[in-house]
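In: Please work out how this folds:
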Amino acid sequence: MMETNKYFNQYIDRLDVNQNALEKLKANEIITLGKLSNYKKSQLKDFGLQQNEISKIEVELELLGLSLKGSL
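Out: Here you go, the predicted model:
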């Protein structure tokens, strides 16, 4: 299960994404990478994130061995 990933409980601030994207995630109470990985791209869009921000988040998560729900 993904919980064994060492980054699972780390804060989203470690992602190299713009401040606007981080603020939108935090406004929706997403503060850890593990919690972020439980969301789908469509849900992030609903939070107001732009497609390029979501793509950047996906790449950043993949570098840490994590992914968004429904993503490979």
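
In: Could I get the CA-only coordinates of the longest helix along the chain as PDB?
Out: Longest helix in the chain by number of residues, with DSSP state H as the criterion: helix 51-63. Taking Å, rounded to 0.1, in the frame of the first residue of the first chain, the C-alpha atoms of helix 51-63 are listed here in PDB:
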ATOM      1  CA  GLN A  51      -4.300  22.100 -15.900                       C
ATOM      2  CA  ASN A  52      -0.600  23.100 -16.000                       C
ATOM      3  CA  GLU A  53      -0.500  23.200 -12.200                       C
ATOM      4  CA  ILE A  54      -2.100  19.700 -12.000                       C
ATOM      5  CA  SER A  55       0.400  18.400 -14.500                       C
ATOM      6  CA  LYS A  56       3.300  19.900 -12.500                       C
ATOM      7  CA  ILE A  57       1.900  18.300  -9.300                       C
ATOM      8  CA  GLU A  58       1.600  14.900 -11.000                       C
ATOM      9  CA  VAL A  59       5.300  15.100 -12.200                       C
ATOM     10  CA  GLU A  60       6.400  16.200  -8.700                       C
ATOM     11  CA  LEU A  61       4.500  13.300  -7.000                       C
ATOM     12  CA  GLU A  62       5.900  10.800  -9.500                       C
ATOM     13  CA  LEU A  63       9.400  11.900  -8.700                       C
END
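
In: tell me which strands and helices it is in contact with?
Out: With contacts taken as 3 or more C-beta pairs under 8 Å, 6 or more residues apart in numbering; DSSP states H and E, helix 51-63 sits against helix 19-27, helix 33-36, helix 41-46. All C-beta spots, glycine's among them, are computed from the backbone N, C-alpha and C.

In: Identify the residues contacting the first one?
Out: Helix 19-27 is contacted by residues 12-13, 15, 31, 36, 44, 47-50, 53, 56-57 when judged by C-beta atoms under 8 Å, 6 or more residues apart in numbering.

In: go again using 10 Å as the cut-off
Out: For helix 19-27, contacts defined as C-beta atoms under 10 Å, 6 or more residues apart in numbering pick out 11-13, 15, 17-18, 30-31, 35-36, 39, 44, 47-50, 52-54, 56-57.
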